[in-house]
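In: Sharing a model prediction with you, sequence too.
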Amino acid sequence: MRWCGLLPSFLLYLASAFGQEIVAHRGASADAPENTLAAFKLAWEQGADAIEGDFYLSADHEIVCIHDKDTERTAPGQTVRKVAESTLDQLKQLDVGKWKDERFEGERIPTIEEVFAVIPRGKKILIEIKCGPEIVPHLKTRLALSSLEDDQVLIICFNAEVVRAVREAMPQYKVNWLTSYRQVASTKLWFPDVDYVIKQLKETKATGLGTQGRTHVVNQVFADKVASAGFELHVWTVNDPKDASYFSALKFDSITTDRPRLIRDALAKDVSPTASRRSVPAYQLERQVVRNGYDGKHCWVHARAGVVRQTNDRSVSRLVLTSQLLDVKGSDTFSAISSAASSDFGETWSELRPQEGFARWRVGPEMEETICDFTPAWHEATGCLLGTGQSVRYLDGKVMKVRPRYTAYSIYEPTLDTWCPPKQLKMPEAVRFSNCGAGSVQRFDEKDGTILLPVYFKSPEESDYAVTVCRCSFDGKEMRYLGHGDELTVSGGRGLYEPSITKVGGRYFLTLRSDQTGYVCSSDDGLHYTEPIPWLFDDGENLGNYNTQQHWVDHDGQLYLVYTRRGADNDHVFRNRAPLFMAEVDPVNLCVRRATEQVIVPERGARLGNFGVLKIDDNTTWVVVSEWMQTWRQSSVVMPVDNPYGSDNSIYIAKIKWNAS
């Protein structure tokens, strides 16, 4: 394993300011020779959000950027080379620029690595595969060695076999199946029709459609059907501003054009809030991987972060990251909580260091205990970084099925860069509170210092957990239970558990985990809640989140939910716990606004269901998560080191940079 305190971060703009992303077709190919570095560089100057390039595999297994099977059209008057039968050296001898204009003389066929090198941060590439599936393993290697984030890459192809091969080999990337249209002479109907298109998208497991821009075929009904089936919509090649406005009105995700400046300027004139199926987010996203590396034996889990503030002006003096190692061959077999610190706003971090007070301690013959599911959060009233979690007990090295459980808390000591030994929060002497903890919850601190701490509990003989919110005091040293509110549960699926609370607009909101579906409810006082209801999208469809936690993000009076869910081409992920989504919540109707949903941490095969939220200041919020390297539907629950999805126990910080109002 390695600690990567200096790994670069990547700024990703999740939507174009004009609704659709503008993709430069073979670069700015109206003004520069197609598929050359000159065309790609010019595309960025002309305001493109992405470039599209065509790629073949050469005879010596290099990936080169050229549209045709041979060089006759783009290298006229020179030796004609068939790409698949030529080496890179032979192809590099050809001039593919001067046919366009003398000022481009000397342009060569670029390799895919050379194209990657001219993609700025926050920009994207559409990689069109022009050959067969033999290119896929080579492309996988080139992408793995590149510095591109997963969200910067979209792979596209007409060949259904290639699309399937890419999805199987590299499921972390989005893939478009491409189609053009032809009119059947006998019927005068256009083929393929929308039903065939959707059938192909499902069979290939594509994430989106790249459609030829025929306005008489692709209409509102066509677009709505494809989008309703769950697929993105992308169109090529659109050079007429009127056509661009047409596809913008149909809410396409991207428009590919030879003339990016012309089309961007045209769309800028008629931009509206409904120009895209997904509204422009109120934030920009920067992802940082602060450490990665996996040995197939242990992985870091429950990564979360807290902040230490200056007492005089509340400015950030230190950031603290907590996590703990898991033995991947066991079930919840945790080692001591470890901690790392940063004094430069997370750019670099110290090593994750085990905290002595959290090492397992013996509580009986062959019986040990430690603390897990730990969440640090700043307590403003006392000027303390206070972490809460819960106990876990082991018998012969395995988690006890029936065991006592309690809420634990610990205080961070900045001068020593250590966490104090954990203490137990004393609850009422009732049987149902003998198994009661605040594991993986999100608390809310009132201005007077009172803590609203949600917990979940059950009697030993019961199968369903219940949730309540405890009022607690904290004086900087001791945390005390003062009382609790409604006891909420549902029947079946282990009831309700892992609750999180926040307050927005004078009202409290509680989100709850259940095995079948997530639940939400609200309250006037933080203790007494409406009846929990399942999480839904604003169109009435179930959100699809289940059997893992959700947490809140709030900003400027608006409420957001961070969650995982089904239905994201993620059935291969344990309980569909990746990617990590964030979307705005309607606080009145208690539902998620579908159009605002964004992936904030990508899916790479590993689950991301255990995470934490940290508000740095009014401009920045963090979501911290680690890739949990256990899965299912295999002979072993352990994910191999060289797994096909690319996960490597990375600890991500998704830095949400709020846009100015």
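Out: That came through fine. Just so it is clear, the structure is predicted and the values come from calculations on it, not from any experiment.
In: use CA for all of it now, contacts and neighbours both
Out: Will do.
In: Residue ranges in this protein under the pLDDT threshold?
Out: For the chain, the stretches with pLDDT under 70 are 1-19, 270-281, 635, 660-661.
In: make it 80
Out: Within the chain, the segments meeting pLDDT under 80 span 1-19, 268-281, 595, 632-636, 660-661.
In: which stretches of the stretch 151-300 of the chain form helices?
Out: Secondary structure of the stretch 151-300 of the chain by DSSP state H, counting those that start in this stretch: the helices cover 160-169, 194-204, 220-228, 241-249, 260-269.
In: quick check: angle from the third one to helix 194-204?
Out: When you say that, I think you mean helix 220-228. 20 degrees (axes from the mean of the first three to the mean of the last three CA atoms, to 10 degrees).
In: hmm, back to that, with distance to residue 587 and mean neighbour count added, can I get the helices of the stretch 151-300 of the chain in a markdown table?
Out: What follows is those, written out as a markdown table (distance: least, CA to CA, whole Å; neighbours: other CA atoms under 10 Å):
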| stretch | distance to residue 587 | mean neighbour count |
| --- | --- | --- |
| helix 160-169 | 37 | 20 |
| helix 194-204 | 34 | 17 |
| helix 220-228 | 25 | 15 |
| helix 241-249 | 29 | 20 |
| helix 260-269 | 32 | 19 |
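In: CSV please, covering these and showing distance to residue 593.
Out: CSV is the format used below for the helices of the stretch 151-300 of the chain (distance: least, CA to CA, whole Å):
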stretch, distance to residue 593
helix 160-169, 28
helix 194-204, 25
helix 220-228, 15
helix 241-249, 20
helix 260-269, 25
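In: Compare the ones you listed and report which one is nearest to residue 497.
Out: Counting by CA to CA, residue 497 lies closest to helix 220-228 out of these; the figure is 32.4 Å.
In: Name the residues that touch the closest one?
Out: Taking CA atoms under 8 Å, 6 or more residues apart in numbering as the criterion, the residues outside helix 220-228 that touch it are 194, 198, 232, 233, 250.
In: and which of these is nearest to residue 463?
Out: Nearest to residue 463 out of the contacts of helix 220-228 is residue 232 (CA to CA; 41.6 Å).
In: one step back: do you know which of the helices of the stretch 151-300 of the chain lies nearest residue 651?
Out: Residue 651 sits nearest to helix 160-169 of all those, at 23.0 Å, using CA to CA.
In: show me what contacts residue 512?
Out: Here residue 512 is in contact with 496, 497, 498, 499, 500, 518, 519, 520, 549, 550 (CA under 8 Å, 6+ apart).
In: What's the local residue count around the third one?
Out: This means residue 498. Other residues near residue 498 come to 27 when the count uses other CA atoms under 10 Å.
In: From residue 610, how far off is it?
Out: To residue 610, residue 498 is 10 Å away according to CA to CA, to the nearest Å.
In: for the first one, same thing?
Out: Counting by CA to CA, the separation of residue 496 from residue 610 is 16 Å.
In: out of these two, which sits in the busier spot?
Out: residue 496 (28 against 24).
In: Tell me which of the helices of the stretch 151-300 of the chain sits nearest to residue 634.
Out: helix 160-169 (16.2 Å).
In: Surely residue 176 touches residue 207?
Out: Yes. Counting by CA atoms under 8 Å, residue 176 does reach residue 207; the two are 6.0 Å apart.
In: which one of these two has more residues nearby?
Out: residue 176 (28 against 23).
In: what is the more buried one paired to in the beta sheet?
Out: In this structure, residue 176 has beta-bridge partners residue 156, residue 208, where bridges are defined by DSSP bridges.
In: now swap in residue 385 and tell me
Out: Beta bridges link residue 385 to residue 378, judged by DSSP bridges.
In: where exactly do the strands run in the stretch 51-200 of the chain?
Out: The residue ranges that make up the strands of the stretch 51-200 of the chain, judged by DSSP state E, counting those that start in this stretch, are 63-65, 124-129, 153-157, 174-179, 182-183, 190-191.
In: same question, the stretch 451-600 of the chain
Out: Using DSSP E, counting those that start in this stretch, strands in the stretch 451-600 of the chain cover 451-457, 466-474, 479-484, 497-504, 507-513, 519-523, 533-534, 551-555, 558-563, 580-586, 591-592, 598-601.
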